[in-house]
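Asker: Below are the sequence and a predicted model; questions follow.
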Amino acid sequence: MKKLFLTMLLLVVLTFGAAQTCLAANVPVYLDGERVTTGLERGGYTYLPLRSMFETVGGAVEWEEKTQTITAYLPDGGILTMQIGSKTPEVVREKENSIEHSRYELEQAAFISRGITYVPLRFITETLLQYDLDWRNNAVWLTSPKLKYTLSSGEVFKLDQLTGDFSKNGQLLGKLDLPSLTDSASFYEPFALSVQQTPAGNYLVQVGGIGSGSLSFCYDLNAYVPAAGQSGVVPTYCVHTIMIVDLPEPFVQGENIWISDDEIGAVCINDKTGAVTEYKAAEIYQYEYARKYVWWANERFILWGDGASFDLYDKQSGTLQNMEKLLVTPEVKAEAEAFLQANTDYEIKAENFELYWQYLSSGMPMGSPTPDFSFSGAEGNELHFKLFCRCRQNIDKEFLLVYQLPE
């Protein structure tokens, strides 16, 4: 009888233990190849410890004991509110003039076990953090979305598209001010990353992406990143455009890095000291809504333009000189008009040519039957421009125009 009792007791213990294993099992969780926390499998679902997971990715968590409510601050600026036992968490994001509320319907609710708050795995990782999730060897493998660029020297740069973290060979250099981190009213998707080293050993970083809100648009982000890295947000300069526009690339001139800024106009960064000088288009043009960008500069002159019209600013005298008016002389116009007339079947009257030249630097698409004026680069003290004239498909003439900078 005693032997039978012991046998039955052993069966109960084993059965209970198996049930417990079925109900709750530890699950290793890896992020970008590094183990970051341990999840819990219960009832066929996997849960994450909320606080340790969020603190790993740069978020924060608060707990309200009285209402059993979790408040979690997401890396992208959103605020998650979730009550223990509830299957309807909410995320709040600030817009420019309003607040956006997003409510979710979950199959499983958050719960507390041994003082740790657990939340559904897929909701946190895939829905909120937008990580790629994979199961391998009874473990969760998460991959944060990253853009990657490798220099010819072998240095590998990565940009975390969710947090803006920018790293070199695994070492964090800084945080780029991605538009998705500050504007929750639109959807942004970075898709291209490029990095070039400056003469002083720092980095010029470019991020290209697409965005959509009330309209779809392309955007560029340009950043100057010190090689030694720094805490906080690295100075970045973003250009957002509704349509694809031929905007100037950042460039190096002597010790200075020049970057166009959609709000300011131009930013000059000393590559050795990191000192930043802003040149405000609104002040130079004395027009609040002036949108001009820097195409070339030296110690004295800055070439401003919007991609269609160009002005040379003399910092010494504080004057602006329009390049089209200066270089598209009556002689150049006469040569262009002779070409257009020779390739047209009917006589073009003087008033028609007058109207034609009114479209100079209007920003019409390249190749349209209007003149197009563009900057093509600098060589020493010479600024080179192109005047493109077309009258019919595949019948066009290009003029190379040179401006000699004064001493």
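Answerer: Nice, I can see it. Numbering: from 1, shown residues only.
Asker: Contacts for stretch 373-382 next, please.
Answerer: Stretch 373-382 has contacts (C-beta atoms under 8 Å, 6 or more residues apart in numbering) with 246, 295-296, 303, 305, 307-310, 323-324, 328, 360-361, 383-388, 400, 402-405. C-beta coordinates here come from the backbone N, C-alpha and C atoms, glycine included.
Asker: likewise stretch 71-78?
Answerer: Contact partners of stretch 71-78, identified using C-beta under 8 Å, 6+ apart, comprise 50, 54, 57-64, 79-82, 91-94, 128-129, 162-163, 180-182, 184.
Asker: Buried among those? Need that as a selection in ChimeraX.
Answerer: The following ChimeraX line selects those of the contacts of stretch 71-78 that are buried, judged by 16 or more other C-beta atoms under 10 Å:
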select :50,54,57,58,59,61,80,81,82,91,93,128,129,162,163,180,181,184
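Asker: and the nearest residue to residue 375 once chain neighbours are set aside, how many residues sit next to it?
Answerer: In space, not counting the residues next to it along the chain, residue 375 is nearest to residue 295; the distance is 5.1 Å by C-beta to C-beta, 6 or more residues apart in numbering. Using other C-beta atoms under 10 Å, residue 295 is surrounded by 24 other residues.
Asker: Which strand or helix spans residue 257?
Answerer: strand 256-261 (DSSP states H and E).
Asker: What of residue 333?
Answerer: Assessed by DSSP H and E, residue 333 sits inside helix 330-342.
Asker: ok, residues contacting that helix?
Answerer: Contacts for helix 330-342 (C-beta under 8 Å, 6+ apart): 347-348, 353, 356-357, 371, 387, 389, 391, 397, 399, 401.
Asker: List just the nearest of those to residue 101.
Answerer: Closest approach between the contacts of helix 330-342 and residue 101, by C-beta to C-beta: residue 371, at 52.1 Å.
Asker: And the pLDDT at that closest one?
Answerer: Listed pLDDT for residue 371 reads 88.
Asker: And the helix or strand following the helix holding residue 333, what's buried?
Answerer: Note on helix 330-342: by DSSP H and E, the next helix or strand toward the C-terminus is helix 350-358. Counting neighbours by 16+ other C-beta under 10 Å, one finds that the buried residues in helix 350-358 are 353, 356.
Asker: Check which helices and strands helix 350-358 sits against.
Answerer: Helix 350-358 makes packing contacts with helix 330-342 when contacts are defined by 3 or more C-beta pairs under 8 Å, 6 or more residues apart in numbering; DSSP states H and E.
Asker: what inclination does the helix it packs on have with respect to helix 350-358?
Answerer: 120 degrees (axes from the mean of the first three to the mean of the last three C-alpha atoms, to 10 degrees).
Asker: just how off-centre is helix 330-342 within its chain?
Answerer: 45 Å (C-alpha atoms, centre = their mean, to the nearest Å).
Asker: Give me the residue ranges of this structure where confidence is low.
Answerer: Along the chain, the model assigns pLDDT under 70 to residues 1-24, 76, 94-98, 180-190, 211-217, 229-247, 363-368, 393.
Asker: Please parse it into its domains.
Answerer: Here the domain parsing of the chain from automatic domain parsing is 22-143, 146-297, 326-404.
Asker: Nearest to residue 316, out of those?
Answerer: When these are compared by C-beta to C-beta, domain 146-297 sits nearest residue 316, at 13.1 Å.
Asker: How far does that closest one sit from its chain's centre?
Answerer: 8 Å.
Asker: what's the host helix or strand of residue 134 in contact with?
Answerer: According to DSSP H and E, residue 134 maps onto strand 132-136. Counting by C-beta under 8 Å, 6+ apart, the neighbours of strand 132-136 from elsewhere in the structure are 121-122, 125-126, 140-143, 145.
Asker: Who are the contact partners of the closest residue to residue 225 other than its chain neighbours?
Answerer: Setting aside the residues directly before and after it, residue 225 is nearest to residue 203 in space (C-beta to C-beta, 6+ apart), at 4.5 Å. Residues counted as contacts of residue 203 (C-beta under 8 Å, 6+ apart) are 157, 168, 173, 195-197, 224-227.
Asker: In strands only, show me the residues you listed.
Answerer: Among the contacts of residue 203, the members found in strands (DSSP state E) are 157, 168, 173, 195-197, 224-225.
Asker: separation between the spatially most central residue of the chain and residue 346?
Answerer: Centroid-nearest residue in the chain, with C-alpha atoms, centre = their mean: residue 178, separated by 4.3 Å. In this view, residue 178 and residue 346 are 54 Å apart by C-beta to C-beta, to the nearest Å.
Asker: and the residue nearest to residue 226 when sequence neighbours are not counted, how many neighbours does it have?
Answerer: Setting aside the residues directly before and after it, residue 226 is nearest to residue 202 in space (C-beta to C-beta, 6+ apart), at 5.3 Å. Neighbour count for residue 202, taken as other C-beta under 10 Å: 19.
Asker: Would you confirm that residue 202 contacts residue 224?
Answerer: Yes - counting by C-beta atoms under 8 Å, residue 224 is a contact partner of residue 202 at 6.6 Å.
Asker: Kindly format the C-alpha coordinates of stretch 103-114 as PDB.
Answerer: Once non-C-alpha atoms are left out, stretch 103-114 reads as follows in PDB (Å, rounded to 0.1, in the frame of the first residue of the first chain):
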ATOM      1  CA  ARG A 103      -5.900  51.900 -30.000                       C
ATOM      2  CA  TYR A 104      -5.000  48.200 -30.600                       C
ATOM      3  CA  GLU A 105      -7.000  45.000 -30.100                       C
ATOM      4  CA  LEU A 106      -4.900  42.200 -28.700                       C
ATOM      5  CA  GLU A 107      -5.500  38.400 -28.300                       C
ATOM      6  CA  GLN A 108      -3.700  38.300 -25.000                       C
ATOM      7  CA  ALA A 109      -3.400  40.900 -22.200                       C
ATOM      8  CA  ALA A 110      -0.300  41.900 -20.200                       C
ATOM      9  CA  PHE A 111       0.200  40.200 -16.800                       C
ATOM     10  CA  ILE A 112       2.500  40.200 -13.800                       C
ATOM     11  CA  SER A 113       4.500  37.200 -12.700                       C
ATOM     12  CA  ARG A 114       6.900  37.400  -9.800                       C
END
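Asker: I'm done for today, thanks for sticking with me.
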